[in-house]
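S.K.: Here is the input, now give the coordinates:
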Amino acid sequence: MEDREILALFQRRDQEAIPALDAQYGGRLRALAMRLLGSPEDAEECVSDTYLAAWNAIPPEEPVYLFAYLAAICRNKALSMLGRENAQKRRGELVALTAELELCIPDERREMEQDAREIGEALGRFLAGLGGENRRFFLRRYWYAESVKEVAQNCGVSESKVKMSLHRTRKKLREFLQKEGLWQ
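M.R.: This next block holds a predicted model:
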């Protein structure tokens, strides 16, 4: 079933929208949640919460890219779940991902909301200027939390190519943020 057909089910408030959504994107959403949470039960709960959030938001929301819309909800739900359940002990992979980007993105608490908005906009401009392959590697690693090995497998390249691309992209990101006045 195509996205427009699934969205039409949501618009009509047809309860078949959820099974259609699950058939189309359930596997990918579960994989995303599993990478972030590390528990099949938590991943399943996260995906269910994602479907509920989509049901409550569509309509009036009309996402242009349905999977991207759902992935953003799922990722945010998973990160919230981690925050609640693991406040004292964070999963090592997320700490590693954060540490890798820490060298590029400042973590100052003052004016946090404005800084976050500016960094988000700058990151969007930066990603728009990246080549397709480098952007794909970056998003798979830092948005979808795939391991370097998974990125390499999913993109049909070597792990060393992914590692080198990510290293260079982080360096370019830091330089870009410095030029934008968002990093010193």
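S.K.: which of the residues in stretch 129-142 are buried?
M.R.: Buried positions in stretch 129-142, judged by neighbour count with 16 or more other Cβ atoms under 10 Å: 130, 134, 135, 136, 137, 138, 140, 141, 142. (C-beta placed from N, C-alpha, C; glycine too.)
S.K.: check contacts around the third one.
M.R.: Applying Cβ atoms under 8 Å, 6 or more residues apart in numbering, we find residue 135 in contact with residue 127.
S.K.: what about 10 Å?
M.R.: The contact partners of residue 135, taken as Cβ atoms under 10 Å, 6 or more residues apart in numbering, are 126, 127, 128, 129, 165, 169.
S.K.: What of the fifth one?
M.R.: With contacts taken as Cβ under 10 Å, 6+ apart, residue 137 has the following neighbours: 130-131, 146, 148, 151-152, 154-155, 157, 161-166, 169.
S.K.: after the helix or strand of the chain with the lowest mean pLDDT comes which helix or strand?
M.R.: None of the helices or strands of the chain scores lower by mean pLDDT, DSSP states H and E than helix 92-102, at a mean of 65. Per DSSP states H and E, the first helix or strand lying C-terminal to helix 92-102 is helix 112-129.
S.K.: Run through the neighbouring helices and strands of that following helix.
M.R.: Packed against helix 112-129 by the contact rule (3 or more Cβ pairs under 10 Å, 6 or more residues apart in numbering; DSSP states H and E) you find helix 132-142, helix 159-179.
S.K.: who wins for proximity to residue 42 among these?
M.R.: Closest to residue 42 of those, according to Cβ to Cβ: helix 132-142, at 20.9 Å.
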